[in-house]
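[1] Below are the sequence and a predicted model; questions follow.
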Amino acid sequence: MAKHKKTDLGLSTILNPVPVVMVSCAGKNPDRAEESPNIVTIAWAGTINSEPPMVSISVRKSRHSHKLISETGEFVINLVNKSLCKPCDYCGVKSGKDEDKFASCGLTAVKAKNLDYAYAIVESPVNISCKVKQVVELGSHDMFIAEIVGITADEYLLDENGKLCLDKAKLVAYNHGEYFVLGDKLGFFGYSVASKEVFENRMGYKKERDKYKRIREQEPKKGKKY
Ligand SMILES: Cc1cc2nc3c(=O)[nH]c(=O)nc-3n(C[C@H](O)[C@H](O)[C@H](O)COP(=O)(O)O)c2cc1C
């Protein structure tokens, strides 16, 4: 089949898509300009353990944020939604050495849950407080391995039963140098083996069907001409 005829691409960081996140941090003395709350855009981020929940971010030594995170052992992963996409890109091309990126982007810094020094971005839908456990020097980047010690989320993301509906957040993914907002829901964990009833419920098809059934069955208002 011609479609699957392979070509050799050599070696590169080709794993895609990846999350793109805004990592916020600060020094121990945030009143000093060089230690004030900062934001760095990170694509080399990932979940690495379930119990305890752990993540890693890989940061070049040259980044201003590398210095701040190394000093305090703290950072916050702020998830990026559609409206944060442009500030996210900006924080990935400007350095906190030269400017206050919170101010430049019109974003709000708030002390992060369960951390002493790092700040979270209020405008982000989900803020994940992290404490560094280990630093691994890999080559170009140092990988900060960290434990999640607190999570806050915008209340609008919870349904009537208090369940987190992250699909409402319009999160952004990074695919080979470009940003995309997450689109069509194709399924859920285990949908390949789920019953038709479970599948239709979880995909929201039943809710939609019931909605249109209600509309169809509505009595026409008296005196109204159709
Ligand atoms: C989409 C995107 C992803 C990035 N991912 C990383 C990354 O994973 N690690 C890293 O060290 N720098 C990454 N960068 C570059 C830094 O965000 C950028 O150098 C930033 O200006 C550093 O800010 P700072 O000096 O205030 O820490 C990325 C930039 C962009 C735009």
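    The structure has been received and is ready for your questions.

[2] Model confidence at the residue nearest to Thr72 when sequence neighbours are not counted, what's the number?
    Distances taken as C-beta to C-beta, 6 or more residues apart in numbering place Tyr117 nearest to Thr72, at 4.2 Å, with adjacent residues excluded. Every residue, glycine included, has its C-beta placed from N, CA and C. pLDDT recorded at Tyr117 is 98.

[3] and stretch 13-26 with the ligand, contact?
    Yes. Judged by C-beta under 6 Å from any ligand atom, stretch 13-26 comes into contact with the ligand at Val20.

[4] On the three-state scheme, the residue nearest to Thr72 is what?
    coil (DSSP: H, G, I helix; E, B strand; the rest coil).

[5] where does the closest residue to the ligand within the chain fall, phi/psi-wise?
    Residue nearest to the ligand within the chain: Gly92 (2.5 Å; C-beta to the nearest ligand atom). Dihedral pair for Gly92: phi -100, psi 0, per degrees, to the nearest 10.

[6] and the nearest residue to it once chain neighbours are set aside, which of the three is it?
    Leaving aside its sequence neighbours, Gly92 sits nearest to Thr41 (C-beta to C-beta, 6+ apart; 3.1 Å). Secondary structure for Thr41, judged by three-state DSSP, is strand.

[7] Give me the neighbour count for Thr41.
    Counted with other C-beta atoms under 10 Å, the neighbours of Thr41 add up to 21.

[8] surely it meets Asp89?
    Yes. Using C-beta atoms under 8 Å, Thr41 is in contact with Asp89, at 7.0 Å.

[9] ok, now which ones touch the residue nearest to Thr72?
    When contacts are counted by C-beta atoms under 8 Å, 6 or more residues apart in numbering, Tyr117 touches Cys25, Ala26, Gly27, Lys28, Pro30, Thr72, Glu74.
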